[in-house]
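Asker: quick check, what structure comes out for this input:
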Amino acid sequence: MKNSPALALFLCLAAASAAPAAQKAVSRPDPLAGFDAQVAQAVKDWKAPGFAIAVVKNGTVLFAKGYGVRELGKPDAVDVHTLFAIGSTTKAMTAAAIGMLVDDKKLGWDDPVTRHLPWFALKDPALTRELTIRDLLTHRAGLPNADFLWYGQPNSPRTILDRMRLVDPAYPARSSFIYQNVMYAAAGAVVEAASGTPWQRFIESRIFAPLDMKDSIVDSAALGGHPNRAEPHDVIEGVVARIENASVEGVAPAGSIWSSVDDMSKWMRLLLAGGTTKTGERILSEATVSELFQPQTMVTKAAFYPTAQITRPNWTTYGLGWFQQDYAGLKIDFHTGSIDGMVAICGLIRSEGIGVYVLANLDHAELRHALMLTAFDRLTGRPARDWSAEFQSLYARLQKEAEEEEARQDARRTPGTKPSLPLSAYAGTYTDALFGTVEVTLDPSDQSLHARYGNAFTGKLEHWNFDTFRAQWDAKWRGHSPAAFILDLNGKPDELRLMGAVFRRKGEAR
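Answerer: Sure thing, here's the model as predicted:
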């Protein structure tokens, strides 16, 4: 039986339409093919003891894996549930917590801080009145870095915030950018004041619980109950070694959270999905998510990452808890986390639904930037580029430049000098209302001077020249600091200049 002309035409059209369908069925190359081996090699090249990474796109986790060990010299392997300190990637959660309270109509982004914290004050009364919640989250409040108030110090969060009224402004508010952790502590205090719930409990109930982030904890005090945790490491005298954890509790909303790449993939999916969880629960409005990523202030070249020397962005900004730059015609929202011996990075290309999260337990291991950009390139179809090698070269050069500068400083030292006084004369208590107290003691066993500043800085004072010494900190990863004693008109030690501060000797007549 012959086909009719109409049937023949139908069969031709069906065959034509089937051809594209068959072509569509052909699987495209996996953009992450070989990525596992690439990551493993980078971890080895950077000598990171442990490392974990998660890559998500359009709500799906495309890649998640741990590498290496939790602690050098021990067999326990890193996996996707291993806890690391996430450092300043905590800030995005604090900003989101503020956003939730905006959604709840309990505060506004541009509310004066004093509306919620009547006791809050800065040195400039006008700035105290004008400072907004938005300013707290954008490092533009006109204040210098004030990490000396919390790093290695036993100060409570309230003490730290109260002492900010003694800090001299660094620039006119909203005219520049200086990274400022303490203002995030103030944002955490705002969360508590507006919600009636401490920042820690708010994060647990409003972010961790709905996202099923069961690995995550808000402070290091709970680490003892989590055996699957990484330990911090640094390079000491050319060798990677374990170091002690640094406390961030004084400014917890700026960087105290510990988490895993499994949990942080859930956090990235929330942000990329516009504020809804995987189960469809909305915990942030779309408007608030959009506001979190709106550029709020320009970031100066000096305040941005050295990686810009290679990525060469046309613009660099800061949103609400996010650094931002352009890359290959796309907008990247990202933030690092860095605290002694631990690093993190969270990077998003929201227009493409892409997120990358990295954790490692080696101080300032910048393979985090390299692998984030590698994943971005792979998922956006850009040509392959050895970011790891490029960043290794960059940071090796920066390290060499720092060493050369230190050598130049040493060369300016006047040789053959000795202290003006017997070493015992320098011993005493030196104080400053803002910076705190330094205890200088004489060790009778070897007649050497020692200094103690807070909980983190203890060490021997080695003579350098005249009445200047060099504090060689016992925690070698903290390096050394010049310590200069200034004598009064009677030839007695009156001041100690250490770590950028001037401490006056206690009990001396003025």
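
Asker: can we go C-alpha only for contacts and neighbour counts from here?
Answerer: Noted.

Asker: residue ranges for the strands of the stretch 51-200 of the chain, please.
Answerer: 60-68, 84-85 (DSSP state E, counting those that start in this stretch).

Asker: outline the domain layout of this structure.
Answerer: Split into domains by automatic domain parsing, the chain comes to 35-403, 423-505.

Asker: on the three-state scheme, the residue nearest the centre of the chain is what?
Answerer: Geometric centre of the chain, nearest residue: residue 337, 2.4 Å, by C-alpha atoms, centre = their mean. On the three-state scheme (DSSP: H, G, I helix; E, B strand; the rest coil), residue 337 is labelled strand.

Asker: how much space separates it from residue 221?
Answerer: Applying C-alpha to C-alpha, to the nearest Å, the value for residue 337 to residue 221 is 19 Å.

Asker: repeat for residue 251
Answerer: With distances taken as C-alpha to C-alpha, residue 251 is found 14 Å from residue 221.

Asker: which residue of these two possesses the greater neighbour count?
Answerer: Counted by other C-alpha atoms under 10 Å, residue 251 and residue 221 do not tie: residue 251 has more neighbours, with 27 against 10.

Asker: the more buried one: what secondary structure?
Answerer: With three-state DSSP as the criterion, residue 251 reads helix.

Asker: so who does the closest residue to residue 68 other than its chain neighbours touch?
Answerer: The shortest distance from residue 68 to any non-neighbouring residue, by C-alpha to C-alpha, 6 or more residues apart in numbering, is to residue 50 (4.4 Å). Residues in contact with residue 50, defined by C-alpha atoms under 8 Å, 6 or more residues apart in numbering, are 43, 66-71, 77-78, 230, 360-362.

Asker: JSON lines for those residues, including neighbour count?
Answerer: Converted to JSON lines, the contacts of residue 50 look like this (neighbours: other C-alpha atoms under 10 Å):
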{"residue": "43", "neighbour count": "23"}
{"residue": "66", "neighbour count": "24"}
{"residue": "67", "neighbour count": "21"}
{"residue": "68", "neighbour count": "22"}
{"residue": "69", "neighbour count": "22"}
{"residue": "70", "neighbour count": "27"}
{"residue": "71", "neighbour count": "20"}
{"residue": "77", "neighbour count": "18"}
{"residue": "78", "neighbour count": "25"}
{"residue": "230", "neighbour count": "27"}
{"residue": "360", "neighbour count": "36"}
{"residue": "361", "neighbour count": "31"}
{"residue": "362", "neighbour count": "28"}
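
Asker: so of these, which ones are in helices?
Answerer: Of the contacts of residue 50, the ones assigned to helices by DSSP state H are residue 43.

Asker: which of the contacts of residue 50 sits closest to residue 391?
Answerer: Closest approach to residue 391 among the contacts of residue 50 (C-alpha to C-alpha): residue 43, at 13.1 Å.

Asker: that closest one contacts residue 368, correct?
Answerer: No: with contact defined as C-alpha atoms under 8 Å, residue 43 does not reach residue 368; the gap is 9.6 Å.

Asker: distance check, the residue nearest to residue 68 against residue 240.
Answerer: Counting by C-alpha to C-alpha - residue 50 and residue 240 are separated by 12 Å.

Asker: follow-up on the earlier one: please identify the deepest-packed of the strands of the stretch 51-200 of the chain.
Answerer: strand 84-85 (a mean of 32; mean count of other C-alpha atoms under 10 Å).

Asker: isn't residue 32 right up against residue 378?
Answerer: Yes: applying C-alpha under 8 Å, one finds residue 32 in contact with residue 378, separated by 6.5 Å.

Asker: next, count neighbours for residue 288.
Answerer: 18.

Asker: apart from its neighbours in sequence, what residue is nearest it?
Answerer: Residue 288 sits nearest to residue 99 (C-alpha to C-alpha, 6+ apart), 5.9 Å away.

Asker: could you report the pLDDT at the one you found?
Answerer: What the model reports as pLDDT for residue 99 is 98.

Asker: which residues touch it?
Answerer: By C-alpha under 8 Å, 6+ apart, the neighbours of residue 99 are 109, 284, 288-289, 292.

Asker: let me know the closest of the residues you listed to residue 473.
Answerer: So of those, ranked by how close each gets to residue 473 (C-alpha to C-alpha), first place is residue 292, at 40.0 Å.

Asker: what's the burial count for the closest one?
Answerer: With other C-alpha under 10 Å as criterion, residue 292 counts 21.

Asker: equivalent analysis for the one 3 residues further on, please.
Answerer: Neighbourhood size, residue 295 [other C-alpha under 10 Å]: 18.

Asker: how about the contacts made by it?
Answerer: 317-320, 324.

Asker: make TSV out of those residues and add secondary structure.
Answerer: Supplementary listing: these in TSV, determined by three-state DSSP:
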residue	secondary structure
317	strand
318	strand
319	coil
320	coil
324	strand
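
Asker: in a markdown table: these, plus neighbour count, distance to residue 475 and pLDDT.
Answerer: Formatted as a markdown table, the contacts of residue 295 follow (neighbours: other C-alpha atoms under 10 Å; distance: C-alpha to C-alpha, whole Å; pLDDT from 0 to 100):
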| residue | neighbour count | distance to residue 475 | pLDDT |
| --- | --- | --- | --- |
| 317 | 20 | 35 | 98 |
| 318 | 26 | 33 | 98 |
| 319 | 23 | 35 | 98 |
| 320 | 27 | 34 | 98 |
| 324 | 25 | 34 | 98 |
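
Asker: mind checking how far the residue nearest to residue 190 when sequence neighbours are not counted is from residue 161?
Answerer: Excluding its sequence neighbours, the residue lying closest to residue 190 (C-alpha to C-alpha, 6+ apart) is residue 116, at 6.1 Å. Relative to residue 161, residue 116 is positioned 14 Å away (C-alpha to C-alpha).

Asker: neighbour-wise, which of the two wins?
Answerer: For residue 116 versus residue 161, neighbours defined as other C-alpha under 10 Å are more numerous around residue 161 (23 against 18).

Asker: pretty sure that one sits against residue 120.
Answerer: Yes: look at residue 161 against residue 120 with C-alpha under 8 Å: they come within range, at 7.4 Å.

Asker: what is the least confident helix or strand in this protein?
Answerer: helix 5-25 (a mean of 41; mean pLDDT, DSSP states H and E).

Asker: measure stretch 442-460 end to end?
Answerer: Start-to-end span of stretch 442-460 (C-alpha to C-alpha) is 10 Å.
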